[in-house]
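Enquirer: Provided below for reference: sequence and predicted model.
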Amino acid sequence: MLTSKVKDAKIIIFTPPMVPGFSISGGFELKLEDKTGGDIKQFEQNSRQFLGALNQRPEIQYAMTSFNSNFPQYQVDVNPARCKQSGITVSSVLSALQGYVGGFYASDFNRFGKQYRVMVQAEPNFRGNPQDMDNIFVMTSNGEMAPITEFITLKRVFGPENITRFNLYTSIAVNGAPNFGYSSGDAIKAVKEVAAQTLPIGYGYEFSGLTREETYSGAQSIMIFILSVIFVFFLLAAQYESFVLPFSIIFSLPIGISGAYIFAKIMGVENNIYLQISLIMLIGLLAKNAILIVEFALQRRHRGMSIVQAAIEGATARLRPILMTSFAFIFGLIPLVIGGGVGAKGNRSIGVGSVGGMFIGTMIGILVIPTMFVIFQTIQEKIKKPESPEVSGLDDMEE
(Lines give C-alpha, C1' and ligand atoms only; values in the text may rest on other atoms or scores of the structure.)
Protein backbone atom coordinates (compact mmCIF):
# COMPACT_ATOMS: atom_id res chain seq x y z
CA MET A 1 0.00 0.00 0.00
CA LEU A 2 2.79 2.44 0.82
CA THR A 3 4.48 1.89 -2.55
CA SER A 4 1.31 1.81 -4.67
CA LYS A 5 1.62 5.54 -5.42
CA VAL A 6 5.01 5.10 -7.09
CA LYS A 7 4.15 4.78 -10.78
CA ASP A 8 7.64 5.07 -12.29
CA ALA A 9 9.12 1.96 -10.65
CA LYS A 10 8.37 -1.71 -10.19
CA ILE A 11 8.68 -2.43 -6.47
CA ILE A 12 8.81 -5.95 -5.03
CA ILE A 13 9.12 -6.60 -1.30
CA PHE A 14 10.86 -9.84 -0.33
CA THR A 15 12.32 -11.40 2.80
CA PRO A 16 16.07 -12.06 3.19
CA PRO A 17 17.33 -15.62 2.73
CA MET A 18 17.04 -17.98 5.72
CA VAL A 19 20.74 -18.83 5.41
CA PRO A 20 22.86 -15.67 4.90
CA GLY A 21 25.11 -15.81 1.87
CA PHE A 22 22.73 -17.83 -0.31
CA SER A 23 21.15 -15.44 -2.87
CA ILE A 24 19.73 -12.02 -2.01
CA SER A 25 16.23 -13.07 -1.04
CA GLY A 26 14.30 -15.94 0.42
CA GLY A 27 12.23 -18.33 -1.68
CA PHE A 28 13.68 -20.11 -4.69
CA GLU A 29 16.29 -19.22 -7.28
CA LEU A 30 17.04 -20.77 -10.67
CA LYS A 31 18.84 -20.12 -13.94
CA LEU A 32 17.15 -20.53 -17.30
CA GLU A 33 19.65 -21.80 -19.88
CA ASP A 34 19.76 -21.35 -23.64
CA LYS A 35 21.60 -24.45 -24.80
CA THR A 36 21.07 -23.60 -28.49
CA GLY A 37 23.20 -20.44 -28.41
CA GLY A 38 20.41 -18.61 -30.26
CA ASP A 39 19.20 -15.02 -30.32
CA ILE A 40 19.00 -13.28 -26.94
CA LYS A 41 15.65 -11.70 -27.87
CA GLN A 42 14.11 -15.11 -28.46
CA PHE A 43 15.60 -16.32 -25.19
CA GLU A 44 13.99 -13.41 -23.33
CA GLN A 45 10.63 -14.06 -24.99
CA ASN A 46 10.71 -17.72 -23.92
CA SER A 47 11.66 -16.71 -20.38
CA ARG A 48 8.69 -14.32 -20.23
CA GLN A 49 6.35 -17.11 -21.30
CA PHE A 50 7.84 -19.35 -18.64
CA LEU A 51 7.41 -16.69 -15.93
CA GLY A 52 3.85 -15.95 -17.05
CA ALA A 53 2.86 -19.60 -16.72
CA LEU A 54 4.75 -19.95 -13.44
CA ASN A 55 2.99 -16.95 -11.86
CA GLN A 56 -0.36 -18.57 -12.63
CA ARG A 57 0.40 -21.48 -10.30
CA PRO A 58 -1.22 -21.25 -6.84
CA GLU A 59 2.02 -22.41 -5.20
CA ILE A 60 3.90 -19.34 -6.44
CA GLN A 61 3.59 -15.95 -4.78
CA TYR A 62 5.75 -14.28 -7.41
CA ALA A 63 8.44 -15.19 -9.93
CA MET A 64 10.44 -12.49 -11.68
CA THR A 65 13.69 -11.66 -13.41
CA SER A 66 15.65 -8.42 -13.72
CA PHE A 67 16.89 -9.36 -17.20
CA ASN A 68 16.02 -6.77 -19.85
CA SER A 69 17.23 -6.85 -23.45
CA ASN A 70 16.00 -3.28 -24.13
CA PHE A 71 18.63 -1.49 -22.11
CA PRO A 72 19.80 1.63 -24.07
CA GLN A 73 23.41 1.31 -25.22
CA TYR A 74 25.96 2.60 -27.67
CA GLN A 75 27.60 0.12 -30.01
CA VAL A 76 31.24 0.95 -30.77
CA ASP A 77 32.48 0.02 -34.24
CA VAL A 78 36.23 0.35 -34.87
CA ASN A 79 37.46 1.16 -38.42
CA PRO A 80 40.44 -1.21 -38.89
CA ALA A 81 41.47 0.36 -42.22
CA ARG A 82 41.66 3.84 -40.73
CA CYS A 83 43.64 2.47 -37.74
CA LYS A 84 46.17 0.76 -40.05
CA GLN A 85 46.49 3.90 -42.15
CA SER A 86 47.42 5.90 -39.03
CA GLY A 87 49.79 3.24 -37.73
CA ILE A 88 47.84 2.20 -34.65
CA THR A 89 46.25 -1.10 -33.68
CA VAL A 90 42.63 -1.84 -32.94
CA SER A 91 43.59 -3.08 -29.47
CA SER A 92 45.15 0.28 -28.61
CA VAL A 93 41.89 2.03 -29.49
CA LEU A 94 39.89 -0.36 -27.36
CA SER A 95 42.39 -0.07 -24.50
CA ALA A 96 42.02 3.72 -24.54
CA LEU A 97 38.25 3.36 -24.39
CA GLN A 98 38.50 0.91 -21.53
CA GLY A 99 40.86 3.15 -19.56
CA TYR A 100 38.94 6.40 -19.95
CA VAL A 101 35.36 5.13 -19.97
CA GLY A 102 35.25 1.67 -18.41
CA GLY A 103 38.27 1.87 -16.13
CA PHE A 104 40.85 -0.79 -15.36
CA TYR A 105 43.04 -1.91 -12.49
CA ALA A 106 46.61 -0.60 -12.80
CA SER A 107 48.60 -1.42 -9.66
CA ASP A 108 48.71 -1.25 -5.85
CA PHE A 109 50.44 1.01 -3.35
CA ASN A 110 50.88 0.87 0.42
CA ARG A 111 50.03 3.81 2.66
CA PHE A 112 49.28 4.04 6.38
CA GLY A 113 49.79 0.31 6.77
CA LYS A 114 47.09 -0.55 4.22
CA GLN A 115 47.14 -1.61 0.59
CA TYR A 116 45.22 0.50 -1.93
CA ARG A 117 44.31 -0.29 -5.54
CA VAL A 118 45.05 2.14 -8.37
CA MET A 119 42.18 2.39 -10.88
CA VAL A 120 42.54 4.33 -14.14
CA GLN A 121 39.35 6.03 -15.29
CA ALA A 122 38.21 9.47 -16.43
CA GLU A 123 36.15 11.67 -14.10
CA PRO A 124 32.38 11.20 -14.48
CA ASN A 125 31.85 14.69 -15.91
CA PHE A 126 34.33 13.85 -18.74
CA ARG A 127 32.64 10.60 -19.84
CA GLY A 128 28.95 11.32 -19.43
CA ASN A 129 27.87 11.79 -23.08
CA PRO A 130 29.04 10.87 -26.60
CA GLN A 131 30.51 14.33 -27.19
CA ASP A 132 33.12 13.66 -24.50
CA MET A 133 34.68 11.07 -26.81
CA ASP A 134 36.24 14.00 -28.75
CA ASN A 135 38.49 14.62 -25.74
CA ILE A 136 39.99 11.11 -25.76
CA PHE A 137 43.16 10.79 -27.81
CA VAL A 138 45.42 7.99 -29.03
CA MET A 139 48.99 8.30 -30.28
CA THR A 140 49.63 7.59 -33.96
CA SER A 141 52.80 6.07 -35.44
CA ASN A 142 54.34 9.52 -36.12
CA GLY A 143 53.89 10.56 -32.47
CA GLU A 144 50.87 12.81 -32.96
CA MET A 145 47.74 12.63 -30.80
CA ALA A 146 44.54 11.97 -32.71
CA PRO A 147 41.00 12.01 -31.28
CA ILE A 148 39.60 8.55 -30.86
CA THR A 149 36.45 9.54 -32.73
CA GLU A 150 38.51 9.44 -35.94
CA PHE A 151 38.73 5.66 -35.64
CA ILE A 152 35.35 4.68 -34.15
CA THR A 153 31.67 5.25 -34.80
CA LEU A 154 28.89 5.13 -32.23
CA LYS A 155 25.52 3.56 -32.95
CA ARG A 156 22.50 3.80 -30.64
CA VAL A 157 21.22 0.27 -29.96
CA PHE A 158 19.22 -1.59 -27.34
CA GLY A 159 20.38 -4.78 -25.67
CA PRO A 160 20.93 -6.51 -22.31
CA GLU A 161 22.96 -4.66 -19.72
CA ASN A 162 24.97 -7.81 -19.08
CA ILE A 163 24.84 -11.44 -20.11
CA THR A 164 25.62 -14.14 -17.57
CA ARG A 165 26.54 -17.76 -18.12
CA PHE A 166 25.69 -20.79 -16.01
CA ASN A 167 27.15 -24.20 -16.79
CA LEU A 168 28.76 -22.51 -19.85
CA TYR A 169 25.30 -21.63 -21.27
CA THR A 170 23.74 -18.19 -21.67
CA SER A 171 21.44 -17.85 -18.68
CA ILE A 172 18.72 -15.66 -17.17
CA ALA A 173 18.37 -15.51 -13.39
CA VAL A 174 14.88 -16.05 -11.96
CA ASN A 175 13.88 -15.34 -8.35
CA GLY A 176 10.60 -16.16 -6.68
CA ALA A 177 8.85 -17.13 -3.48
CA PRO A 178 6.26 -19.76 -2.54
CA ASN A 179 2.76 -18.57 -1.77
CA PHE A 180 1.39 -18.53 1.75
CA GLY A 181 0.47 -22.02 2.87
CA TYR A 182 2.91 -23.70 0.49
CA SER A 183 6.43 -24.91 1.20
CA SER A 184 9.57 -24.38 -0.83
CA GLY A 185 9.29 -28.01 -1.92
CA ASP A 186 5.86 -27.26 -3.43
CA ALA A 187 7.34 -24.29 -5.30
CA ILE A 188 10.22 -26.41 -6.64
CA LYS A 189 7.75 -29.03 -7.85
CA ALA A 190 5.70 -26.31 -9.58
CA VAL A 191 8.82 -24.98 -11.31
CA LYS A 192 9.65 -28.45 -12.65
CA GLU A 193 6.12 -28.97 -13.96
CA VAL A 194 5.89 -25.54 -15.65
CA ALA A 195 9.36 -25.94 -17.19
CA ALA A 196 8.38 -29.28 -18.70
CA GLN A 197 5.26 -27.69 -20.21
CA THR A 198 6.53 -24.33 -21.47
CA LEU A 199 10.27 -24.47 -22.21
CA PRO A 200 10.94 -25.41 -25.86
CA ILE A 201 13.54 -27.93 -27.02
CA GLY A 202 17.06 -26.66 -26.46
CA TYR A 203 16.21 -24.72 -23.32
CA GLY A 204 16.75 -25.90 -19.77
CA TYR A 205 17.08 -24.73 -16.20
CA GLU A 206 19.18 -25.33 -13.11
CA PHE A 207 18.41 -24.39 -9.52
CA SER A 208 20.99 -22.22 -7.81
CA GLY A 209 21.71 -20.76 -4.38
CA LEU A 210 19.88 -22.24 -1.40
CA THR A 211 17.35 -23.94 -3.70
CA ARG A 212 20.15 -25.97 -5.31
CA GLU A 213 21.35 -27.07 -1.88
CA GLU A 214 17.78 -27.96 -0.89
CA THR A 215 17.24 -30.18 -3.93
CA TYR A 216 20.54 -31.96 -3.30
CA SER A 217 19.95 -32.39 0.43
CA GLY A 218 16.41 -33.77 0.17
CA ALA A 219 17.54 -37.40 0.05
CA GLN A 220 20.38 -36.66 2.45
CA SER A 221 17.93 -35.64 5.19
CA ILE A 222 16.18 -39.00 5.00
CA MET A 223 19.51 -40.81 5.03
CA ILE A 224 20.74 -38.83 8.05
CA PHE A 225 17.49 -39.56 9.89
CA ILE A 226 17.79 -43.30 9.18
CA LEU A 227 21.45 -43.36 10.25
CA SER A 228 20.56 -41.54 13.49
CA VAL A 229 17.94 -44.17 14.34
CA ILE A 230 20.35 -47.00 13.48
CA PHE A 231 23.05 -45.42 15.64
CA VAL A 232 20.64 -45.19 18.59
CA PHE A 233 19.53 -48.78 18.03
CA PHE A 234 23.05 -50.22 18.19
CA LEU A 235 23.85 -48.21 21.31
CA LEU A 236 20.75 -49.59 23.01
CA ALA A 237 21.51 -53.10 21.79
CA ALA A 238 24.93 -52.87 23.44
CA GLN A 239 23.43 -51.47 26.63
CA TYR A 240 20.70 -54.12 27.00
CA GLU A 241 22.69 -56.92 25.36
CA SER A 242 19.70 -57.62 23.18
CA PHE A 243 18.61 -56.89 19.62
CA VAL A 244 14.91 -57.11 20.53
CA LEU A 245 14.40 -54.89 23.58
CA PRO A 246 15.71 -51.69 21.87
CA PHE A 247 12.68 -51.82 19.59
CA SER A 248 10.52 -50.86 22.57
CA ILE A 249 12.35 -47.51 22.48
CA ILE A 250 12.70 -47.14 18.70
CA PHE A 251 8.99 -47.74 18.06
CA SER A 252 8.03 -44.97 20.47
CA LEU A 253 9.93 -42.32 18.48
CA PRO A 254 7.41 -41.95 15.60
CA ILE A 255 4.88 -40.58 18.08
CA GLY A 256 7.04 -37.56 18.84
CA ILE A 257 8.03 -37.15 15.18
CA SER A 258 4.36 -37.07 14.15
CA GLY A 259 3.72 -34.54 16.91
CA ALA A 260 6.33 -32.22 15.38
CA TYR A 261 4.61 -32.38 11.99
CA ILE A 262 1.16 -31.91 13.55
CA PHE A 263 2.25 -28.73 15.36
CA ALA A 264 4.06 -27.53 12.23
CA LYS A 265 0.86 -27.96 10.21
CA ILE A 266 -1.21 -26.14 12.82
CA MET A 267 1.27 -23.26 13.14
CA GLY A 268 1.82 -22.96 9.38
CA VAL A 269 5.51 -23.91 9.48
CA GLU A 270 7.18 -25.34 6.36
CA ASN A 271 9.04 -28.64 6.32
CA ASN A 272 12.41 -26.89 5.96
CA ILE A 273 15.93 -27.67 7.06
CA TYR A 274 15.31 -26.15 10.50
CA LEU A 275 12.33 -28.42 11.19
CA GLN A 276 14.41 -31.41 10.07
CA ILE A 277 17.17 -30.42 12.50
CA SER A 278 14.61 -30.39 15.32
CA LEU A 279 13.57 -33.94 14.32
CA ILE A 280 17.14 -35.18 14.67
CA MET A 281 17.31 -33.54 18.08
CA LEU A 282 14.01 -35.13 19.10
CA ILE A 283 15.39 -38.62 18.46
CA GLY A 284 17.80 -38.20 21.34
CA LEU A 285 15.38 -36.41 23.67
CA LEU A 286 12.50 -38.84 23.19
CA ALA A 287 14.80 -41.84 23.35
CA LYS A 288 16.10 -40.52 26.68
CA ASN A 289 12.60 -40.62 28.18
CA ALA A 290 11.96 -44.10 26.82
CA ILE A 291 15.31 -45.37 28.10
CA LEU A 292 14.46 -44.23 31.64
CA ILE A 293 11.16 -46.12 31.68
CA VAL A 294 12.56 -49.27 30.05
CA GLU A 295 15.61 -49.32 32.34
CA PHE A 296 13.56 -49.09 35.52
CA ALA A 297 11.03 -51.62 34.23
CA LEU A 298 13.83 -54.02 33.36
CA GLN A 299 15.30 -53.74 36.84
CA ARG A 300 11.99 -54.65 38.40
CA ARG A 301 11.58 -57.54 36.01
CA HIS A 302 14.96 -58.87 37.16
CA ARG A 303 13.69 -58.76 40.75
CA GLY A 304 10.91 -61.18 39.92
CA MET A 305 7.95 -58.95 39.04
CA SER A 306 5.72 -59.90 36.15
CA ILE A 307 6.36 -58.12 32.87
CA VAL A 308 3.16 -56.07 33.07
CA GLN A 309 3.73 -55.10 36.71
CA ALA A 310 7.36 -54.20 35.96
CA ALA A 311 6.26 -51.93 33.11
CA ILE A 312 3.69 -50.18 35.33
CA GLU A 313 6.17 -49.75 38.18
CA GLY A 314 8.88 -48.44 35.82
CA ALA A 315 6.56 -45.85 34.26
CA THR A 316 5.25 -44.75 37.66
CA ALA A 317 8.75 -44.34 39.11
CA ARG A 318 9.97 -42.10 36.28
CA LEU A 319 6.74 -40.21 35.54
CA ARG A 320 7.53 -37.10 37.61
CA PRO A 321 11.17 -36.68 36.43
CA ILE A 322 10.15 -37.13 32.80
CA LEU A 323 7.34 -34.57 33.05
CA MET A 324 9.56 -32.07 34.85
CA THR A 325 12.42 -32.25 32.34
CA SER A 326 10.14 -32.36 29.31
CA PHE A 327 8.02 -29.36 30.28
CA ALA A 328 11.10 -27.41 31.34
CA PHE A 329 12.45 -28.02 27.83
CA ILE A 330 9.12 -27.02 26.25
CA PHE A 331 8.79 -23.78 28.21
CA GLY A 332 12.39 -22.92 27.41
CA LEU A 333 11.59 -23.05 23.69
CA ILE A 334 8.51 -20.82 23.86
CA PRO A 335 10.55 -17.65 23.01
CA LEU A 336 11.61 -19.32 19.75
CA VAL A 337 7.99 -20.06 18.88
CA ILE A 338 6.62 -16.56 19.51
CA GLY A 339 9.75 -14.54 18.70
CA GLY A 340 10.10 -12.14 15.77
CA GLY A 341 12.77 -10.12 14.03
CA VAL A 342 15.64 -11.27 11.82
CA GLY A 343 15.85 -15.05 11.57
CA ALA A 344 12.42 -15.53 13.17
CA LYS A 345 11.33 -18.00 10.50
CA GLY A 346 14.20 -20.38 11.21
CA ASN A 347 13.89 -19.99 14.97
CA ARG A 348 10.15 -20.57 14.80
CA SER A 349 10.60 -23.72 12.73
CA ILE A 350 13.00 -25.21 15.28
CA GLY A 351 10.82 -24.12 18.20
CA VAL A 352 7.52 -25.40 16.82
CA GLY A 353 8.99 -28.74 15.77
CA SER A 354 10.74 -29.31 19.10
CA VAL A 355 7.79 -28.19 21.24
CA GLY A 356 5.25 -30.22 19.28
CA GLY A 357 7.37 -33.35 19.16
CA MET A 358 8.30 -33.16 22.83
CA PHE A 359 4.75 -32.47 24.00
CA ILE A 360 3.06 -35.23 21.98
CA GLY A 361 5.95 -37.64 22.50
CA THR A 362 5.86 -37.15 26.27
CA MET A 363 2.11 -37.20 26.86
CA ILE A 364 1.43 -40.21 24.65
CA GLY A 365 4.83 -41.83 25.06
CA ILE A 366 4.38 -42.43 28.79
CA LEU A 367 1.45 -44.66 27.85
CA VAL A 368 2.94 -46.32 24.77
CA ILE A 369 6.45 -47.04 26.08
CA PRO A 370 5.32 -49.43 28.86
CA THR A 371 3.17 -51.23 26.29
CA MET A 372 6.14 -51.55 23.95
CA PHE A 373 8.21 -52.90 26.85
CA VAL A 374 5.64 -55.58 27.60
CA ILE A 375 5.52 -56.68 23.94
CA PHE A 376 9.24 -56.82 23.24
CA GLN A 377 10.28 -58.10 26.64
CA THR A 378 7.88 -61.01 26.15
CA ILE A 379 9.43 -61.70 22.75
CA GLN A 380 12.92 -61.43 24.27
CA GLU A 381 12.13 -63.97 26.99
CA LYS A 382 10.70 -66.41 24.46
CA ILE A 383 13.95 -66.19 22.50
CA LYS A 384 16.18 -66.33 25.55
CA LYS A 385 15.02 -67.54 28.93
CA PRO A 386 15.43 -64.92 31.66
CA GLU A 387 17.91 -65.38 34.46
CA SER A 388 16.60 -66.34 37.88
CA PRO A 389 15.30 -63.39 39.89
CA GLU A 390 17.81 -61.70 42.15
CA VAL A 391 17.34 -62.67 45.78
CA SER A 392 18.56 -59.54 47.45
CA GLY A 393 17.30 -57.18 44.80
CA LEU A 394 18.67 -53.83 43.85
CA ASP A 395 18.18 -50.52 45.56
CA ASP A 396 15.89 -48.20 43.70
CA MET A 397 17.78 -45.62 41.73
CA GLU A 398 15.36 -42.94 42.65
CA GLU A 399 16.10 -43.31 46.36
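Expert: Ah, there it is.
Enquirer: longest strand of the protein?
Expert: Ranked by residue count, the top strand of the chain under DSSP state E comes out as strand 169-178.
Enquirer: that one: partners in the sheet, and parallel or antiparallel?
Expert: strand 28-34 (antiparallel), strand 60-64 (antiparallel), strand 164-166 (antiparallel) (DSSP bridges).
Enquirer: next structured bit after that strand?
Expert: helix 184-198 (DSSP states H and E).
Enquirer: who does that following helix touch, helix- and strand-wise?
Expert: Where contact means 3 or more Cβ pairs under 8 Å, 6 or more residues apart in numbering; DSSP states H and E, helix 184-198 is packed against strand 28-34, helix 40-55, strand 169-178, strand 203-207, helix 209-240. In this view, the C-beta of every residue, glycine as well, is placed from N, C-alpha and C.
Enquirer: tell me which of these sits nearest to Ala146.
Expert: Ala146 lies closest to helix 40-55 among the helices and strands packed on helix 184-198, at 34.7 Å (Cβ to Cβ).
Enquirer: let me see the mean pLDDT of that closest one.
Expert: For helix 40-55, mean pLDDT rounds to 92.
Enquirer: ditto for stretch 370-388
Expert: Averaging pLDDT residue by residue across stretch 370-388 gives 83.
Enquirer: which one of the strands paired with strand 169-178 lies nearest to Phe180?
Expert: The closest approach between Phe180 and any of those, judged by Cβ to Cβ, belongs to strand 60-64 at 7.1 Å.
Enquirer: now that closest one against helix 184-198, angle please.
Expert: Inter-element angle recorded for strand 60-64 and helix 184-198: 60 degrees (by axes from the mean of the first three to the mean of the last three Cα atoms, to 10 degrees).
Enquirer: quick thing: my sequence starts at 534, can you match it?
Expert: Yes, from this point I'll number from 534; that puts the last item at strand 593-597.
Enquirer: run through the neighbouring helices and strands of the helix or strand just after strand 593-597.
Expert: Remark: after strand 593-597, the chain's next helix or strand is strand 604-611, criterion DSSP H and E. With contacts defined as 3+ Cβ pairs under 8 Å, 6+ apart, the packing partners of strand 604-611 are helix 623-630, strand 685-692.
Enquirer: need these in JSON lines with distance to Gly894, mean neighbour count and mean pLDDT, can you?
Expert: Converted to JSON lines, the helices and strands packed on strand 604-611 look like this (distance: least, Cβ to Cβ, whole Å; neighbours: other Cβ atoms under 10 Å; pLDDT from 0 to 100):
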{"stretch": "helix 623-630", "distance to Gly894": "69", "mean neighbour count": "16", "mean pLDDT": "90"}
{"stretch": "strand 685-692", "distance to Gly894": "60", "mean neighbour count": "12", "mean pLDDT": "89"}
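Enquirer: between those, which gets nearest to Val609?
Expert: Val609 sits nearest to strand 685-692 of all the helices and strands packed on strand 604-611, at 5.5 Å, using Cβ to Cβ.
Enquirer: for stretch 631-650, buried residues please.
Expert: Neighbour-count burial for stretch 631-650 flags 632-634 (criterion: 16 or more other Cβ atoms under 10 Å).
Enquirer: out of the helices and strands packed on helix 717-731, flag the one nearest Met672.
Expert: Smallest distance to Met672 across those (Cβ to Cβ): 36.6 Å, for helix 573-588.
Enquirer: now the closest one, how far from the centre of its chain.
Expert: How far helix 573-588 lies from its chain's middle: 25 Å, per Cα atoms, centre = their mean, to the nearest Å.
Enquirer: residues in contact with that helix: which ones?
Expert: Helix 573-588 has contacts (Cβ atoms under 8 Å, 6 or more residues apart in numbering) with 565, 567, 593, 595-598, 600-602, 692-693, 696, 703, 705, 707, 709, 723-724, 727-728, 730-733, 736.
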